[in-house]
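below is the sequence, then the predicted model.
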2 protein chains.
Amino acid sequence: MRQNNLASVLDVLRRESVTRSALVASTGLTRSTMAGLVAELAELGLIDEITPVATGRPGRPSPLVRLVPGAVAALAIDVSVTRLSVGLVGLDGRTISVSERDGDRSNESPHATADAVAEMAQRIGVGSDSCPLLVGAGVAVPGLVRERDAHVVVAPNLGWEDVAFAELVAGTIERRLGVCLSVDIGNEADLGALAEARFGVGRGTRNVVYIHGDIGVGGSIVVDGARFPGGSGYAGEVGHMVINPYGSPCRCGARGCWETEVGERALLTRAGLDPTGGSAAIDALVEGAVSGDPIVLAALGETGRWLGIGLAGLINVLDPDLFVLGGMFEPLLPFMSECLEAELMERRFGPVERTVPVVAAELGIDALLIGAAELVLARAMADPAGAVTFGG
Amino acid sequence: MRQNNLASVLDVLRRESVTRSALVASTGLTRSTMAGLVAELAELGLIDEITPVATGRPGRPSPLVRLVPGAVAALAIDVSVTRLSVGLVGLDGRTISVSERDGDRSNESPHATADAVAEMAQRIGVGSDSCPLLVGAGVAVPGLVRERDAHVVVAPNLGWEDVAFAELVAGTIERRLGVCLSVDIGNEADLGALAEARFGVGRGTRNVVYIHGDIGVGGSIVVDGARFPGGSGYAGEVGHMVINPYGSPCRCGARGCWETEVGERALLTRAGLDPTGGSAAIDALVEGAVSGDPIVLAALGETGRWLGIGLAGLINVLDPDLFVLGGMFEPLLPFMSECLEAELMERRFGPVERTVPVVAAELGIDALLIGAAELVLARAMADPAGAVTFGG
């Protein structure tokens, strides 16, 4: 009971600093219970109270209860094909420090990657006296992670198959830095979704469907701040809904998957650009859109139309409160919205009056670090006293 | 804690009668805790122990703990367009008694339906001394039920719009039979799904997606024995996934929804039968399939193919452990399986080795009564002592 109450208080404070009265109102606990909980969390070094600067309005402003900045953190690791990022993320979902290393790692072994992670972790202070208390480490990978044993089943663009990368990172950090951390791992779209749902544009929304646009189109379903995993942990692969059964072959081996109509290659092809041009081509596309290039705008309109067709179907299957579009969709959404919304309107399910907003992600490249950290922070903060006393 | 433990014991016994040792093994509680729980549930009149007949094997068979048949029940009501059914359903998910009334009720007012429900409830003993202890009533309707206020937003084939039918039934039964019952209400596909997932072919499976074939194609997502509602309670309308964007117009106002390819009308049209022929035409179709009519078999094959295309997409979005096909799909599945499985095989998501079984529902016409009862039984059995002491 007390543990649940501590967790509820932290859950509020992780989103914003508030007065004691606001804590009482949003948790439904009594004032005296709240006083005890606040004292216990302050004792653990997790929270303190600050008095805001007077605003000129009458009366003294009430003190705000807040998380102590940098008291507790998670080590976050984002393994992407062209960049490795390692950072510390605080309880408030903000990065404290980040080390990044650019370069193509499509031929790097998991061992080499784990070694690089340990080096970069050392650079940002892991193992030193100045490091915040770490409750664990989280890793984001561009691949499928099996629920059962947390193995990376396959990460095609890294060339990994069935890799126990979380164990490998834990072992390497322990051996090289003498720090023992429990390490969790998740798919990048799932962690981007978690970050946006908890700390980004989906904050405060219960049912969020996140869609990540890239060469592949991934997705993730977040319900009440937690990922909906499905039976084997693979739910949310919305890019492989069949949307055009007579359409183009898909990388996955099927035909007419949503990805074949809304993925990077389809978009670049429609715009008359090199479909294998990668992020440079997408940057050129964004520039073309901004400058009003009619071919680019038509390509974005057509892609927006296909996005709308798929989203209309997802509304009927999943009934979310919000769609968050990340990856390449983040800068491109403004140029696709009109066609997208027209399809949604035309295809909406007759008897139900319902509008599901479609918005761009807002955390940018930090989203994956924040999501990876949240894997461990959320669990640790379910039992704050245990986490702070025993570490990760 | 004790309440949770009582609920866990009942949860096991609702599925099967087992020995005390099996209860200990499946709940993880100690033998002495279990003895106390069994005593308390026996005291409440919910369970007893029976000794099985000796099997000829050495040793005395262990007594089985079981639910007392008919000790506690829910009143279940199934409002379909052509039939009204009212029954008592026991804790084990079996019907104790049922009253049915055939006839077209597409022009009947909700008040007249509620009056008929009360009469039929009286006929099966509600309000008499012989009636089991009722923990509440559940209603299945062929329409959309809003999560927030449990109103039937729309039931097109009944001609209902925004009807507070649960309240109406509760009021009518109280006025006419002097019995005060809390009444819950749900969509028929959702309740068919709940029944199949808890007591039918999905028993013991965690993630079940149920698809109900009729003129409309409805569906429901069941996770850990409970419905996944989505943001507004409308999740699972899989019939309105867009699957053929250039396909036929759908009743819902959109175009190329899954329903336009796998619904009753598409199937009957393919078989050269009257698309508005209803259940008689479906019966003729089943006969044709059994006797090997090549046109009927081709129509079923093509429909199976479209079923497979949609299921392949749903696997990637929802990652279920099992698909259960009900309604007209129940008798027809054997004739569609081959084409359906071929599509699933061709369209499966490359890197993941996964087979999701597709099976026919097995509870038949009782499914909706069982599902409607489960709405109230599941909630009551979360606090068995409270439910038995205070009634519904």
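Happy to help now that I have it. Residues are numbered from 1 along each chain as shown, chains lettered A, B, ... in the order given.

contacts and neighbour counts: CA atoms only from here.
Fine.

where along chain A do the helices fall?
Secondary structure of chain A (DSSP state H): helices at A:2-15, A:20-27, A:31-43, A:110-123, A:165-177, A:188-199, A:259-262, A:264-270, A:278-290, A:294-318, A:329-346, A:367-381, A:384-390.

ok, which of the ones you listed comes nearest chain B?
Proximity to chain B (CA to the nearest CA) singles out helix A:294-318 among these, at 3.9 Å.

so what's the closest residue in space to A:A155 that isn't next to it in sequence up against?
Nearest residue to A:A155, sequence neighbours excluded (CA to CA, 6 or more residues apart in numbering or on different chains): A:G143, at 3.9 Å. Listed by CA atoms under 8 Å, 6 or more residues apart in numbering or on different chains, the contact set of A:G143 reads A:V152, A:V153, A:V154, A:A155, A:P156, A:N187, A:E188.

the last one: neighbour count?
Which is A:E188. Residue crowding around A:E188 was assessed by other CA atoms under 10 Å in any protein chain shown; the count is 28.

do you know the pLDDT at it?
On pLDDT, A:E188 comes in at 90.

ok, it touching A:A140?
Yes. A:E188 is in contact with A:A140 according to CA atoms under 8 Å; the separation is 5.0 Å.

surely A:A254 is in contact with B:R348?
Yes. Using CA under 8 Å, A:A254 is in contact with B:R348, at 6.6 Å.

circling back: got phi/psi on the residue nearest to A:A155?
Here is the backbone geometry of A:G143 (degrees, to the nearest 10): phi -170, psi -180.

let's see the pLDDT reported for A:H212.
pLDDT, read off for A:H212, is 92.

so what's the residue count around the residue lying closest to it once chain neighbours are set aside?
Computed as CA to CA, 6+ apart, the closest residue to A:H212 that is not its neighbour in sequence is A:G326, at 4.6 Å. Neighbour count for A:G326, taken as other CA under 10 Å: 29.

list the contacts of A:G326.
The neighbours of A:G326, taking CA under 8 Å, 6+ apart as the test, are A:Y210, A:I211, A:H212, A:G213, A:A360, A:A361.

which parts of the stretch 101-250 of chain A are strands?
With strands called from DSSP state E, counting those that start in this stretch, the stretch 101-250 of chain A shows them at A:133-141, A:144-145, A:152-155, A:160-163, A:183-187, A:207-213, A:217-223, A:226-227.

and the fourth one, which strands flank it?
Looking back up the chat, that one is strand A:160-163. strand A:152-155 (antiparallel) (DSSP bridges).

ok so, going back, which of the contacts of A:G326 lies closest to A:T172?
A:H212 (30.7 Å; CA to CA).

residues contacting that closest one?
Going by CA under 8 Å, 6+ apart, A:H212 touches A:A189, A:G218, A:G219, A:L325, A:G326, A:G327, A:M328, A:F329.

TSV please, covering those and showing distance to A:G225.
Supplementary listing: the contacts of A:H212 in TSV, determined by distance: CA to CA, whole Å:
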residue	distance to A:G225
A:A189	15
A:G218	18
A:G219	15
A:L325	17
A:G326	17
A:G327	20
A:M328	24
A:F329	22
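
which one of the residues you listed is nearest to chain B?
Among the contacts of A:H212, A:G219 lies closest to chain B (CA to the nearest CA), at 8.6 Å.

so which bits of stretch A:42-61 are buried?
Across stretch A:42-61, burial judged by 16 or more other CA atoms under 10 Å in any protein chain shown covers A:A42, A:L46, A:I47, A:D48, A:E49.

between all of the residues you listed, which two are separated the most?
Using CA to CA, the two most remote members of these are A:L46 and A:E49, lying 10.7 Å apart.

tell me which parts of the stretch 51-200 of chain A are close to chain B?
Neighbours of chain B within the stretch 51-200 of chain A, by CA under 8 Å from any CA of the partner chain: A:V154.
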